[in-house]
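> Predicted structure and sequence below. I'll ask about it afterward.
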Amino acid sequence: MARQNIYDNETFFGEYRKLREREVNANNLFELPTLFSLLPDLEGKKVLDLGCGSGERCIDYLKKGAASVTGVDISEKMLAVAEAENNDPRITYLKMPMEEIGSIDDVFDVVISSLAFHYVEDFGGVVANVYRLLRDGGIFLFSQEHPLATCYSGKGDRWTRDENGKKLYANIADYCVERRNDSTWFVEGVQRYHRMFSTIVNTLCDAGFRILKMAEPYPTEELVKKYPEYYDLYHKPDFLFVKVVK
């Protein structure tokens with residue numbers, strides 16, 4: 001089955017790079033600090049990074065003591081940036097969809113994925129392969145778009161607003177209908193998969209993992225004063241983090 005490789009779309013890739021280069025964005029303010037706060041001790045560990053993109057996190061994991069990092073991504077454009085800007089003899093970059101990681105003949109201490117699992121249709125299959133690739137006691141940590149975000153179909157306004165345009169609450173529909181949503185983000189037809197919170201947790205437990213920690217980052221009062229546009233995260237968090245152990 002053909003899998004979407006949206007990051008190799010020229011327009012999408014260019015606009016995404018511009019977004020990530022902005023100092024103030026949700027990734028820098030919420031996703032990365034939460035990811036780093038949940039990381040296990042990486043000293044001397046073999047790390048697998050699923051959906052590694054342009055490799056910045058692979059370098060971060062080396063700086064935190066990892067002995068080696070294997071970065072997996074489907075995007076040729078992203079991996080070209082990784083090889084050019086975030087190369088290191090201890091990093092191996094592999095071009096493959098996450099659904100095919102079962103072909104990797106290795107064992108890892110830690111598997112990490114940052115904001116990639118909402119692009120994966122066969123979540124259960126990938127989780128089963130992650131379990132197989134981890135040593136006993138190994139840690140699996142991932143972030144994804146929050147289920148309250150992935151259930152948005154892209155049709156109609158995501159928010160109910162007052163007469164001044166202030167967001168009062170998020171519009172949620174068909175949360176219990178698990179499906180693929182095709183939305184517009186820089187380009188049309190970006191495929192994301194919606195799964196209920198319970199499906200995510202139960203899939204991990206059924207595979208043999210034990211839940212250690214979950215997080216749904218939201219802003220502090222100080223941050224909202226500085227960046228009031230992020231007040232809407234009090235209504236609906238953007239990201240879900242799950243940390244489990246084999």
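Received it, and whenever you're ready, just let me know what you need.

> which parts of the longest strand seen in the chain are buried?
If you go by DSSP state E, the chain has its longest strand at strand 134-145. By 16 or more other Cβ atoms under 10 Å, the buried positions in strand 134-145 come out as Leu134, Gly138, Ile139, Phe140, Leu141, Phe142, Ser143, Gln144, Glu145. From N, CA and C alone the C-beta is placed, and that goes for glycine too.

> which one of these is nearest Leu204?
Phe140 (7.9 Å; Cβ to Cβ).

> What is the burial count for Phe117?
Phe117 has 24 neighbouring residues, counting by other Cβ atoms under 10 Å.

> for it, what are its contacts?
With contacts defined as Cβ atoms under 8 Å, 6 or more residues apart in numbering, Phe117 is in contact with Gly51, Met98, Phe123, Val126, Phe142, Gln144.

> Need the per-residue pLDDT for the second one.
By that I understand Met98. Met98 carries a pLDDT score of 94 in this model.

> do the same with the last one
Gln144 is assigned 97 on the pLDDT scale.

> Distance check, the closest residue to it other than its chain neighbours against Val126.
Distance criterion Cβ to Cβ, 6 or more residues apart in numbering; nearest residue to Gln144, sequence neighbours excluded, is Phe117 at 4.1 Å. Phe117 is 7 Å from Val126, where distance means Cβ to Cβ, to the nearest Å.

> What segments of the protein are strands?
46-50, 68-73, 91-95, 108-114, 134-145, 159-161, 167-170, 179-185, 187-194, 210-215, 239-245.

> Switch these over to JSON lines; also include distance to Ser37.
Listed next are the strands of the chain as JSON lines, based on distance: least, Cβ to Cβ, whole Å:
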{"stretch": "strand 46-50", "distance to Ser37": "17"}
{"stretch": "strand 68-73", "distance to Ser37": "19"}
{"stretch": "strand 91-95", "distance to Ser37": "23"}
{"stretch": "strand 108-114", "distance to Ser37": "13"}
{"stretch": "strand 134-145", "distance to Ser37": "11"}
{"stretch": "strand 159-161", "distance to Ser37": "29"}
{"stretch": "strand 167-170", "distance to Ser37": "25"}
{"stretch": "strand 179-185", "distance to Ser37": "27"}
{"stretch": "strand 187-194", "distance to Ser37": "25"}
{"stretch": "strand 210-215", "distance to Ser37": "8"}
{"stretch": "strand 239-245", "distance to Ser37": "9"}
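
> out of these, nearest to Tyr152?
strand 179-185 (7.1 Å).
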